[in-house]
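Q: Mind looking at a prediction? Sequence and model below.
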Amino acid sequence: MTILTFTIILLVGSYLAGLLGSLTGLGGGVVVIPLLTLVFGVDIRYAIGAALLASIATSSGAATAYVKEGITNIRLGMFLEIATTIGAVLGALIAVYTPVNTIAILFGAVLMFSAAMTLRKKNQEALTEGSKLSYLLKLNGSYPTKEGIVEYKLKNIGAGFSMMTVAGVISGLLGIGSGALKVLAMDTAMRIPFKVSTTTSNFMIGVTAAASAVVYLQRGYMDPGIAFPVILGVLGGAFTGSKLLSRINPQTLRIIFCVAIVFVALQMMYNGIQHKF
Amino acid sequence: MKNMFSSLWGDKDVELVVGQLLRYGVVSASVVAFAGGVMYLLMHGSGPVPQYSNFVGEGAGYTTFKGIFKGAAAFSSTEVIQLGVLILIATPILRVFFSLLAFILEKDKLYIFITLIVLSVIMTSIFGGLKV
């Protein structure tokens, strides 16, 4: 295969990854790692480097629109980024001492968990009474809906913060945004309405990924020949996806995609156990 | 003067500027990566794909700021791509810097402190000799 063919196939694959990712709520990185490792036989370390870049690109690209609409809770994002960035740097450090097969198995497990999370029913109700800490840290907020401005309050800040640290470690270790874990922490522990939790999670993914991306760049995980088709493809796909999102109902697509993801995850875990990486 | 600043810098304005910054960062990163990619394909496009199945890690030209800037200044295609990668990684970090400025203008001491913690974690990862 020539470099030109490789680039074109990777570009198309990344475009689909970004498109499906933005339509289903799974980050582009989730698809980029199996695409590179299972289809092209690329070493999982190069794939992790590329997936981190895909996560940063989609997060920064999508955050623009959400921040403009005033849904993202910037203070909450900044506060929780303490947990996710510390976790991400730790995860990137642990990655050196973790065998690639273990990373592949772990990735498969997180992939299945993420797929299950996107199908789960999400918290829509806004709390009217927050915990003391939520007032102290100024984390309560409001967001616009069709029925007008909705005020919401937070609780269980400590539990949410610790879950965010775990999300950060996974993100740094595997090179993905681990948005599913971030949303879970905000949704189930802190009881934040899902529109706010998903957009704030998206906003945080870029910063979390950047914290570990620097470590990976310096360690040589980022290959220019893989990086440029992935960045351009995923960004283009995510952009198309965000335009399509208001016109189609992604529910059926989400179910089909999640079933596919489970098969990919099983394949990753099987290869990991067979030491094929 | 102080009042003028706070009226100029409402929460919404800060959010708008942050949003714009993210957009410019992503757009310039992709333009640079695209330019580098086209140069790379013109020069090496017909060659065979490198052995990506064996992880060797990239050389200093792609992994240090000095190497990337030097190569990009000489219009070496791969370093131009890596410059785009650097811009992409720098975008969310710049966003944190910008939020810090915004919280300073808002005189929100608690969030100035919180943002400084996030920044120092990121800076530790950049300069802390984490290259194991």
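A: In hand now; what should we look at?
Q: In three-state terms, label the residue nearest to the spatial centre of chain B for me.
A: Geometric centre of chain B, nearest residue: B:Ala90, 1.3 Å, by CA atoms, centre = their mean. Classification of B:Ala90 by DSSP: H, G, I helix; E, B strand; the rest coil places it in helix.
Q: ditto for A:Pro144
A: Going by three-state DSSP: A:Pro144 is strand.
Q: Tell me how far it lies from A:Phe203.
A: 16 Å (CB to CB, to the nearest Å). No exception for glycine: its C-beta is placed from N, CA and C like everyone else's.
Q: One more: A:Val215?
A: For A:Val215, the distance to A:Phe203 equals 22 Å [CB to CB].
Q: of those two, who's got more company?
A: A:Phe203 (30 against 24; other CB atoms under 10 Å in any protein chain shown).
Q: Low-confidence stretches in the stretch 1-150 of chain A?
A: A:63-68 (pLDDT under 70).
Q: where exactly do the strands run in it?
A: Taking DSSP state E, counting those that start in this stretch as the criterion, the stretch 1-150 of chain A carries its strands at A:141-145, A:148-152.
Q: Return the most buried member of the ones you listed.
A: strand A:141-145 (a mean of 16; mean count of other CB atoms under 10 Å in any protein chain shown).
Q: Tell me how many other residues surround the nearest residue to A:Gly87 once chain neighbours are set aside.
A: In space, and not counting its chain neighbours, A:Gly87 is closest to A:Gly168: 2.2 Å by CB to CB, 6 or more residues apart in numbering or on different chains. A count of nearby residues for A:Gly168, using other CB under 10 Å, gives 32.
Q: Same question for B:Phe75.
A: With other CB under 10 Å as criterion, B:Phe75 counts 11.
Q: what's the answer for the one 10 residues further on, then?
A: By the criterion of other CB under 10 Å, B:Val85 has 29 neighbours.
Q: Identify each buried residue in the helix or strand where it lies, please.
A: B:Val85 belongs to helix B:77-105 when elements are defined using DSSP states H and E. Buried residues in helix B:77-105, counted by 16 or more other CB atoms under 10 Å in any protein chain shown: B:77-96, B:98-100, B:102-103.
Q: repeat for stretch A:23-39
A: Quick answer for stretch A:23-39 (16+ other CB under 10 Å): A:23-38.
Q: ok, of those, which one's closest to chain B?
A: A:Leu36 (8.0 Å; CB to the nearest CB).
Q: which residues does the closest one contact?
A: A:Leu10, A:Val42, A:Tyr46, A:Ala47, A:Ala50, A:Ile226, B:Tyr52 (CB atoms under 8 Å, 6 or more residues apart in numbering or on different chains).
Q: burial count for the first one?
A: The reference is to A:Leu10. Using other CB under 10 Å, A:Leu10 has 26 other residues around it.
Q: Which residue comes closest to it once chain neighbours are left out?
A: Once flanking residues are discounted, A:Leu10 sits nearest to A:Pro229: 4.2 Å by CB to CB, 6+ apart.
Q: What is the neighbour count of that neighbour?
A: Neighbour tally, A:Pro229, other CB under 10 Å: 23.
Q: give me the element it is part of.
A: Going by DSSP H and E, A:Pro229 is in helix A:224-245.
Q: circling back to that earlier point, wouldn't the residue nearest to the centre of chain B be in contact with B:Val26 here?
A: No - B:Ala90 is beyond contact range of B:Val26, at 11.1 Å (criterion: CB atoms under 8 Å).
Q: could the strands of the stretch 1-150 of chain A go into a markdown table alongside distance to A:Gly177?
A: Below are these laid out as a markdown table (distance: least, CB to CB, whole Å):
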| stretch | distance to A:Gly177 |
| --- | --- |
| strand A:141-145 | 22 |
| strand A:148-152 | 23 |
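Q: Distance check, the residue nearest the centre of chain A against B:Gly59.
A: Closest to where the C-alpha atoms of chain A average out (CA atoms, centre = their mean) is A:Gly177, at 2.9 Å. Look at A:Gly177 and B:Gly59: by CB to CB, they are 28 Å apart.
Q: go on, B:Val17?
A: B:Val17 is 38 Å from B:Gly59, by CB to CB.
Q: which residues of chain B score low on pLDDT?
A: Applying pLDDT under 70 to chain B flags residues B:1-15, B:128-132.
Q: quick one: contacts for the residue lying closest to A:Lys122 once chain neighbours are set aside?
A: In space, and not counting its chain neighbours, A:Lys122 is closest to A:Phe194: 3.8 Å by CB to CB, 6+ apart. Applying CB under 8 Å, 6+ apart to A:Phe194 gives the contacts A:Lys122, A:Asn123, A:Gln124, A:Val183, A:Asp187.
Q: anything in stretch B:94-109 near chain A?
A: Yes - Stretch B:94-109 is in contact with chain A by CB under 8 Å from any CB of the partner chain, via B:Arg95, B:Val96, B:Ser99, B:Asp108.
Q: Could you work out the most separated pair of those residues?
A: Greatest spacing in the residues of stretch B:94-109 next to chain A, by CB to CB: B:Arg95 and B:Asp108 (16.8 Å).
Q: Residue of the stretch 151-277 of chain A nearest chain B, please.
A: A:Gly220 (3.1 Å).
Q: quick one: that residue and B:Gly57 touch, right?
A: Yes - here A:Gly220 reaches B:Gly57: they are 3.1 Å apart, a contact under CB under 8 Å.
Q: residues shared between the contacts of the two?
A: Counting by CB under 8 Å, 6+ apart, the shared contacts of A:Gly220 and B:Gly57 are B:Thr63.
Q: Please identify which of these two sits among more neighbours.
A: Looking at A:Gly220 and B:Gly57 with other CB under 10 Å, you find the greater number of neighbours at A:Gly220, namely 19 against 14.
Q: got a pLDDT number for the residue nearest to A:Leu10?
A: pLDDT recorded at A:Pro229 is 96.
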